[in-house]
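Undergrad: below is the sequence, then the predicted model.
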Amino acid sequence: MPRKSLDHELQIIRDDLLLLSSMVETALIESVTVLRDHDMEKSRVVYDNDAYINAKRFELEGQIIVTIATQAPVLFDLRFLASALNICTELERIGDYAKTIARINLISEGISIPRLLTISYDMGIKVSDMLHVAMTAFIQSNSPSAVRIIADDDIIDSMYRQIYSELMNFVVRNAHNMDRANYLLWVVHNLERAADRVTNICERTIYVETGELGDEAFSNLHFPTK
């Protein structure tokens with residue numbers, strides 16, 4: 001009977017983690033969309049909706065803490081719950097990055113650098129895709145998938161470097177471009193940090209399976225052969 005009760009609580013937490021992740025993923029996509037489209041009205045909506053993400057994060061953390069306290073989980077289940085608690089924070093912080101991007105759009109009143117806005121949008125969509133796959137991997141305890149997403153962070157870093165380099169040239173050509181360049185650099189910095197948070201989630205997936213964090217965790221993974 002206790003095992004059945006724990007399984008039920010774990011399923012509720014998995015479902016709510018995916019709900020929180022979906023809220024954050026939506027916020028991230030919308031933040032780069034309103035930036036690209038110079039949509040001030042929807043930027044305010046993205047900014048205000050962060051309050052719902054925060055509320056869901058704290059509600060879910062409460063659920064996890066109660067489950068740990070009342071169900072006394074051990075081994076895999078305890079690692080899952082401890083990791084879920086950590087992931088709540090990671091997701092909330094990614095939501096904060098989306099909120100910040102919406103705020104940048106409002107402050108700047110629209111960043112008119114079309115080519116780099118398009119690349120920034122693509123960067124944001126890539127991060128949101130990474131988040132989706134990372135959370136699916138965590139829920140399914142799929143470490144190989146998590147490892148692949150960690151490797152994808154190199155793509156985000158490359159996009160960041162490309163935009164940074166082009167922005168520097170943009171400013172060199174005309175110093176009056178400084179403000180626009182700074183705003184967009186602020187945007188892509190937030191996206192790069194969001195991707196780092198996604199890799200943290202992937203590391204937690206590996207921890208649940210191996211019980212280890214860091215380089216040691218990778219060495220203990222046993223991937224199926226085709």
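TA: Yes, it's here. From a predicted model like this one, the values you see are computed outputs, not experimental measurements.
Undergrad: chain neighbours aside, what residue packs nearest to residue 90?
TA: Of all residues not flanking residue 90 in the chain, residue 197 sits nearest, at 4.7 Å (C-beta to C-beta, 6 or more residues apart in numbering). All C-beta atoms are positioned from the backbone trio N, CA, C, and that covers glycine.
Undergrad: state the distance from the one you found to residue 109.
TA: According to C-beta to C-beta, to the nearest Å, residue 197 and residue 109 sit 28 Å apart.
Undergrad: so between these two, which is more surrounded?
TA: Neighbour totals were compared for residue 197 and residue 109, and residue 197 leads with 23 against 10 (other C-beta atoms under 10 Å).
Undergrad: packing partners for the helix or strand containing the more buried one?
TA: Secondary structure from DSSP states H and E places residue 197 in helix 178-210. Where contact means 3 or more C-beta pairs under 8 Å, 6 or more residues apart in numbering; DSSP states H and E, helix 178-210 is packed against helix 2-37, helix 75-108, helix 114-140, helix 143-173, helix 215-219.
Undergrad: can you list the buried residues in that helix?
TA: 180-181, 183-188, 190-210 (16 or more other C-beta atoms under 10 Å).
Undergrad: hmm, back to that, could the helices and strands packed on helix 178-210 be laid out in TSV, adding mean neighbour count?
TA: Output for those, formatted as TSV (neighbours: other C-beta atoms under 10 Å):
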stretch	mean neighbour count
helix 2-37	18
helix 75-108	20
helix 114-140	19
helix 143-173	16
helix 215-219	12
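Undergrad: nearest to residue 63, of the ones you listed?
TA: helix 2-37 (6.0 Å; C-beta to C-beta).
Undergrad: mind checking how far whichever helix or strand comes after the closest one is from the chain centre?
TA: Sequence-wise, the next helix or strand downstream of helix 2-37 (DSSP H and E) is helix 40-71. Here helix 40-71 is found 14 Å from its chain centre; the criterion is C-alpha atoms, centre = their mean, to the nearest Å.
Undergrad: so which bits of helix 40-71 are buried?
TA: Going by neighbour count (16+ other C-beta under 10 Å), the buried part of helix 40-71 is 43, 46-47, 49-50, 53, 56-57, 60, 63-64, 67-68, 71.
Undergrad: my read is that residue 16 contacts residue 62, right?
TA: No. Here residue 16 does not reach residue 62: they are 10.6 Å apart, not a contact under C-beta atoms under 8 Å.
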